[in-house]
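Undergrad: Curious how this folds, go ahead:
(2 chains)
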Amino acid sequence: MSQRLIVIGGGGAGISAATTAKRVDPDLRVSLYTEFEDIAYSPCGIPFVHGKEIPRFDDLFLSTVERYVADGLEMNMETVITDVDLQRRTITARSQTVGFDRLIVCTGFRWRKPDVPGSNLDGLHYVKNIRAAMEFDKQLDDLKRIVVVGSHPVAVEMAGNLGHRGLEVHLVDEGPWVLGEVLDPDVAGPVHESLEKRGVTLHLGTRLEAFVGDGHVTAVATSDGEIPCDAVIVGLDKEPDADLAAAAGLQTGTTGGLVVDDHMRTGVDGVWAAGDVIEVPHGLTMIPIQGLTGSHAYSQGRVAGANAAGDDRTYDPVWVPWGMVAGDYTIGGFSFGETLATAMGVPYVVAKGVGVSRARYFPGAQRTHVKLLAEPGTLRLIGGQIHGGEGVKERCDFLAFAAKRGATLEDLAWMENIYSPPIGALFEPIAIAAQNGLADLRKKAAAEKPGAAPAKAADPA
Amino acid sequence: MSGMPAGVSRAQQRLREQAELHLRLAAMDDLRRDHPTVTSAPHRPSGGAFWRYVFVPVYRRLPWETKERAMHALKMTAEDHGWTPPSRTPGEPWRPPAPRD
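TA: Below is the predicted model:
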């Protein structure tokens, strides 16, 4: 009789785990359980439908339940699992007990609920479920003023998109600049300006005190006064939704996420976990982190699914390339920015440069700002941030990989690059930054050691 | 993989949360000095005097190597959970990753 694999969760990790397991071992009986009505859609696209940059919610769906059933998966929709018994190897759903041979936990994340009065009022929205987003979208044309609480990247995307739709948007955040947990202050200026151009009023360094209303939220009380509103978007922190697994006895780590090894194995034989519910180590510090991107969740799900089906795949520590459009301004980075490196006390030197995204004479050329962080001494890359117009995502992806392989400022300073007027300038902005960083270091060394040759910084194209 | 009693795990979570919050606030205060016109003072939670006035200054005085050793000793890193730090030898030629399929 074939073995049964149960996958809990229908997000990116759950879907990729289930489909990969079935592909690796077609004889495996794979049953997926999700508490939601829908599957295989992109929640990351929700803010852009609200902003009318994407015309329909239907466009966010990538596949259908029927398609997965045709591929041989048993799909259990709208089915909440209330208990997992790792000793008996059973799950309980709808008061029925189902046995498993292998289990993959992909229960994802939940938004942190603000611990203030009024947090149960109607009119508070969390960006996650597409059905809830569809309902909210129907109301949007009748609303005038929205308060966004928190500056998680999704919250900032919501603020920018709701502003783009013509609503009056107020963003309230305790941080000194938006996205303060990932972004450095030298990028704050253009990001704030872009959001404000879209109609977003920023209330920074401002504490949320309460949601005000009688049944439905009508205002948000803050340390800076009360802001009247018709609805609230809550975008504080994502937390691993690990309660079910933890109650079953799986270990949680310092982030609250499930602890797994590099095969996505939990500490219990025959049980794997993947996606936003787990924590994985940062490539430089080996400190576990959680709440990464959808592409991380998909990759982890594939590793967990393949291994649960008998393969032997590993997942590497992460260097976390990230990027987003804040207002109309593209920002990104990988690993550490200066804020995080300073907070952790990781020593670094900085290399900065400004280049252009296309040949400078080509229409549409935009300035690309690059900041690299490198380990003093070895000058190995440990982090960076890029902002500007085009090519931010590709450069961040490349730099995360380069850092993972131990690339140094010296390597990047003399990297090859494409020169083609419509898509790339003569001088690559990353190389300009690295050359400037090396020149600064030489200047510093020259100042400390009289007689050393002076250095010259590279010019942007 | 070594298990961890739930109480110890919760204590580690609390330690990490508080340490990260106060170290981040201190870093933000430092870095925003060069950008006063586009940043505001971060909101500081009430309480937290120990973290702000004792933990942060002491942590900052320690060399990174000592911090790393302390985090290992407190089992705050992933090596105890079956992960291996990646090899990043400077100057090492790039090699394609081992096939995974």
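
Undergrad: Can you list the low-confidence ranges for the chain?
TA: All of this refers to chain A. Applying pLDDT under 70 to chain A flags the ranges A:1, A:450-461.

Undergrad: actually chain B
TA: Scanning chain B for pLDDT under 70 picks out the ranges B:1-6, B:89-97, B:100-101.

Undergrad: residue ranges for the helices of it, please.
TA: Taking DSSP state H as the test, the helices found in chain B are B:6-32, B:49-50, B:56-61, B:64-73.

Undergrad: of all the ones you listed, which lies closest to chain A?
TA: Of all these, helix B:6-32 sits nearest to chain A, with 3.8 Å by C-beta to the nearest C-beta. (C-beta placed from N, C-alpha, C; glycine too.)

Undergrad: list the helices and strands that closest one packs on?
TA: Under the contact criterion of 3 or more C-beta pairs under 8 Å, 6 or more residues apart in numbering or on different chains; DSSP states H and E, helix B:6-32 touches helix A:338-344, helix B:56-61.

Undergrad: residues in contact with the closest residue to chain A within chain B?
TA: Using C-beta to the nearest C-beta, the closest approach of chain B to chain A is made by B:Gly82 at 2.8 Å. In this structure, B:Gly82 makes contact with A:Val260, A:Asp261, A:Asp262, A:His263, A:Arg265, B:Met1, judged by C-beta atoms under 8 Å, 6 or more residues apart in numbering or on different chains.

Undergrad: So which of the helices and strands packed on helix B:6-32 is the most surrounded?
TA: helix A:338-344 (a mean of 22; mean count of other C-beta atoms under 10 Å in any protein chain shown).

Undergrad: Touching, A:Glu401 and A:Asp316? I think so.
TA: No, residue A:401 isn't Glu; it's Phe. No - with contact defined as C-beta atoms under 8 Å, A:Phe401 and A:Asp316 do not form a contacting pair (10.6 Å).

Undergrad: residue nearest the centroid of chain A?
TA: Nearest residue to the geometric centre of chain A (C-alpha atoms, centre = their mean): A:Thr293, 3.5 Å.

Undergrad: Residue numbers of the stretch 251-400 of chain A in contact with chain B?
TA: The stretch 251-400 of chain A has residues A:251-256, A:259-263, A:265-267, A:280-281, A:283, A:285-288, A:313-314, A:316-317, A:338-340, A:342-347, A:378-380 near chain B, with proximity defined as C-beta under 8 Å from any C-beta of the partner chain.

Undergrad: just the buried members of those residues?
TA: A:251-256, A:259-263, A:265-267, A:280-281, A:283, A:285-288, A:313, A:316-317, A:338-340, A:342-346, A:378-380 (16 or more other C-beta atoms under 10 Å in any protein chain shown).

Undergrad: Just give the number of residues close to the nearest residue to B:Ala41 once chain neighbours are set aside.
TA: Counting by C-beta to C-beta, 6 or more residues apart in numbering or on different chains, B:Ala41 lies nearest to A:Gly205, which is 5.0 Å off, once chain neighbours are set aside. The local packing of A:Gly205 (other C-beta atoms under 10 Å in any protein chain shown) involves 21 other residues.

Undergrad: Return the residues in contact with A:Gly205.
TA: A:Glu174, A:Gly175, A:Pro176, B:Ser40, B:Ala41, B:Pro42, B:His43.

Undergrad: any idea which of these is the one closest to A:Val354?
TA: Nearest to A:Val354 out of the contacts of A:Gly205 is A:Pro176 (C-beta to C-beta; 24.2 Å).

Undergrad: show me the residues around that closest one that make contact.
TA: A:Pro185, A:Leu204, A:Gly205, B:Met28, B:Arg32, B:Thr39, B:Ser40, B:Ala41, B:Pro42.

Undergrad: one more time with 6 Å
TA: Taking C-beta atoms under 6 Å, 6 or more residues apart in numbering or on different chains, we find A:Pro176 in contact with A:Gly205, B:Met28, B:Arg32, B:Thr39, B:Ser40, B:Pro42.

Undergrad: Weed out the non-buried ones from these.
TA: A:Gly205, B:Met28, B:Arg32, B:Thr39, B:Ser40, B:Pro42.

Undergrad: among the residues of the stretch 251-400 of chain A next to chain B, which are in strands?
TA: A:Val259, A:Val280, A:Pro281, A:Pro288 (DSSP state E).

Undergrad: how about these in a markdown table, adding distance to A:His152?
TA: A markdown table is the format used below for those (distance: C-beta to C-beta, whole Å):
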| residue | distance to A:His152 |
| --- | --- |
| A:Val259 | 24 |
| A:Val280 | 19 |
| A:Pro281 | 22 |
| A:Pro288 | 19 |
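
Undergrad: just checking, A:Val325 is part of a strand?
TA: Yes - looking at A:Val325 with DSSP: H, G, I helix; E, B strand; the rest coil, it is inside a strand.

Undergrad: what separates it from chain B, distance-wise?
TA: 19 Å (C-beta to the nearest C-beta, to the nearest Å).

Undergrad: Across the sheet, point out what pairs with that residue.
TA: Beta bridges link A:Val325 to A:Thr330 when assigned by DSSP bridges.

Undergrad: And the residue of the stretch 351-461 of chain A closest to chain B?
TA: Closest point on the stretch 351-461 of chain A to chain B, by C-beta to the nearest C-beta, is A:Gly406, at 3.5 Å.

Undergrad: Can you get me a residue count around that residue?
TA: 18.
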